[in-house]
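1. quick one, structure for this:
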Amino acid sequence: MQSLYIELKSDGDFAQLRYRLPGKLEYETKSLRLAEIEDLYGFADRDFETRLPDLGAIGKRLFLWLDGDGRWLSRVTESARGLVVLAIDTSVSLGVGNELAGLPWEAMQDSKGFLVNRCIVPVRVVGGFGGDNPPPAVSQYRLQTLFMATEPEGVEPRLDFEGEESRILAATQDLPIELRVEESGCLSELTSLWRRFPEDYFHVFHLTGHASIRDNNQPYFITESLTGDRVDATVDDFDRVFQLRYPRLMFLSGCRTGQSSNGGAVPSLAASLVDQGATAVLGWARPVSDTGATQAATELYRSLAQGLTIAEALGLTYQALIRDGVKDWCLLRLYARVEAWGALVLPSGDVVTQPRKEAKFRFLDRQERIRVAGADEFVGRRRYLQRGLRELKSSQNLGIWLHGIGGVGKSTISCRLLDRLGAS
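-> Sure, this is the predicted structure:
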């Protein structure tokens, strides 16, 4: 794997470019005229809302602008063998009027086509290239993924998050991957679950739901309260959940989680999480369809479970989305600390089977006669739990009555309600 380090900083009418070629120790510098690409600022919201943009033309313009007369980038891409990471650090120039971070670097193409089709993958680096940043260790265990979906009452459109989960499971059923489900969509419940597991147990945290950016340019993700009400979570809310125990990769599969605002002055939710302590975060730069988001996650986790690097898995994900005609594939963006785009786990042939941790409740009674489903076995009952909690917390009720035929989940619902009420 080779890494090409690129720094961009706006300076009046020009962008100051510093780049370091693979195998070189010294940076080279150039000045590029911003007027040549300024009409591409904000292209995602402008073009995708009204028509399908010509990604080929846009990608060529960006490539030629960065390449310049000296064709330094062409020499790298034409001789590339295997994975090449285009590590683009635009954070050094974040400020009012800087939109360089929001340009569609993923769509760049040369005379041979989109760079990502040859696994030449852009990564948006947060925190700069300096300092001692050794690559994170590769786990010897199977890929451990925590899946959480948020769908509060009254928020539209509705999401098919259970369908997404089942499709990911079906696509990876023969691979060494364990997908555990956080079933509440609530950050306080996520905090409790996260702290029940050892540090570094989960390699990936996947969050599905709706997200957006407020009028004051603050990005947020729509989560749930215990009773299903809407709770808008900011970067500080997520930081309180993980508290310096971030997973190696977070995938915020929600609209605009990878989009900066206020002309680049306010970083995206994904970039802000990396700045807070996460090592690598994926997000979307605009609204995305359920189908595209599910396909991206499925392809990504299939590759990661096989021991490929994050950058390789992302490149293969782009390729799959392009083949299947997902029009906004280039708006899936990876923000990361320098060198944090390596493998999460060893190749599948070298994986050690890791014992599963038992859930807090596996039986409803102390005599362990009434078994209940674990969190990974019990989905589709969120509304029952929320309604039950709402009634139990009401001062007008002494309890609730669950009834139905045997085997439909009454004991498990009872167990989950006791868990959330803090009963023992």
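
2. which residue is nearest the middle of the chain?
-> With distances taken as CA atoms, centre = their mean, the residue of the chain nearest its centroid is residue 251 (1.7 Å).

3. can you list the neighbours in contact with the helix or strand hosting that one?
-> In the assignment (DSSP states H and E), residue 251 maps to strand 249-253. Under the contact criterion CB atoms under 8 Å, 6 or more residues apart in numbering, strand 249-253 has outside partners 203-209, 211, 221, 258, 269-270, 273, 278-284, 288, 293, 296-297, 300, 304, 310, 344. To be clear about C-beta, it is placed using only N, CA and C from the backbone, and glycine gets the same treatment.

4. can you get me a residue count around the closest residue to residue 212 other than its chain neighbours?
-> For residue 212, ignoring the flanking residues on the chain, the nearest one in space by CB to CB, 6 or more residues apart in numbering is residue 256 at 5.6 Å. Applying other CB atoms under 10 Å, we find 27 residues neighbouring residue 256.

5. distance of the residue nearest to the centre of the chain from residue 209?
-> For residue 251, the distance to residue 209 (CB to CB, to the nearest Å) stands at 12 Å.

6. and the contacts of the longest strand anywhere in the chain?
-> Longest strand in the chain by number of residues (criterion: DSSP state E): strand 2-11. Strand 2-11 has contacts (CB under 8 Å, 6+ apart) with 15-23, 27, 31, 34, 66, 73, 76, 80, 82-90, 92-93, 95, 97-98, 100, 129, 339.

7. swap in stretch 342-349?
-> So stretch 342-349 is contacted by 1, 135-136, 138-143, 175-176, 203-204, 248-249, 304-311, 351 (CB under 8 Å, 6+ apart).

8. buried ones in that stretch, by neighbour count?
-> 342-346 (16 or more other CB atoms under 10 Å).

9. same deal with stretch 26-42?
-> By 16+ other CB under 10 Å, the buried positions in stretch 26-42 come out as 30, 32, 34, 37, 40-41.

10. the closest residue to residue 30 other than its chain neighbours and residue 65, how far apart?
-> Ranked by CB to CB, 6+ apart and with sequence neighbours excluded, the top spatial neighbour of residue 30 is residue 17, at 4.6 Å. From residue 17 over to residue 65 the distance is 10 Å, taken as CB to CB.

11. in the stretch 151-300 of the chain, which spans are helices?
-> 161-171, 187-195, 235-242, 269-276, 290-305 (DSSP state H, counting those that start in this stretch).

12. of those helices, which is nearest residue 112?
-> Among the helices of the stretch 151-300 of the chain, the nearest to residue 112 by CB to CB is helix 290-305 (22.2 Å).

13. name the helices or strands packed onto the closest one?
-> Secondary-structure packing of helix 290-305 (3 or more CB pairs under 8 Å, 6 or more residues apart in numbering; DSSP states H and E): strand 143-149, helix 161-171, strand 204-208, strand 249-253, helix 310-323.

14. can you give me how far it is from the chain middle?
-> Here helix 290-305 is found 11 Å from its chain centre; the criterion is CA atoms, centre = their mean, to the nearest Å.

15. list the buried residues for that helix?
-> 290, 292-305.

16. low-confidence regions, the stretch 1-150 of the chain specifically.
-> 42-51, 91-98, 131-133 (pLDDT under 70).

17. at 90 instead, please
-> 1-2, 8-16, 21-26, 34-56, 69-70, 78-82, 89-104, 127-137, 140-141, 149 (pLDDT under 90).

18. in it, which spans are helices?
-> Using DSSP H, counting those that start in this stretch, helices in the stretch 1-150 of the chain cover 43-50, 55-67, 72-79.

19. let's have these in JSON lines, adding distance to residue 159 and mean neighbour count.
-> Formatted as JSON lines, these follow (distance: least, CB to CB, whole Å; neighbours: other CB atoms under 10 Å):
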{"stretch": "helix 43-50", "distance to residue 159": "20", "mean neighbour count": "15"}
{"stretch": "helix 55-67", "distance to residue 159": "27", "mean neighbour count": "18"}
{"stretch": "helix 72-79", "distance to residue 159": "38", "mean neighbour count": "16"}
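
20. closest to residue 329 out of these?
-> Comparing those by CB to CB, helix 55-67 comes nearest, at 8.5 Å.

21. what angle do that closest one and helix 310-323 make?
-> Interaxial angle, helix 55-67 versus helix 310-323 (axes from the mean of the first three to the mean of the last three CA atoms, to 10 degrees): 140 degrees.

22. which single one of the buried residues of stretch 342-349 is nearest to residue 239?
-> Checking the buried residues of stretch 342-349 against residue 239 with CB to CB, the nearest one is residue 344 at 21.6 Å.

23. what sits closest to that closest one if chain neighbours are left out?
-> residue 203 (4.5 Å).

24. give me every residue that touches that neighbour.
-> Residue 203 makes contact with 139, 143-145, 247-249, 304, 344-345, according to CB under 8 Å, 6+ apart.
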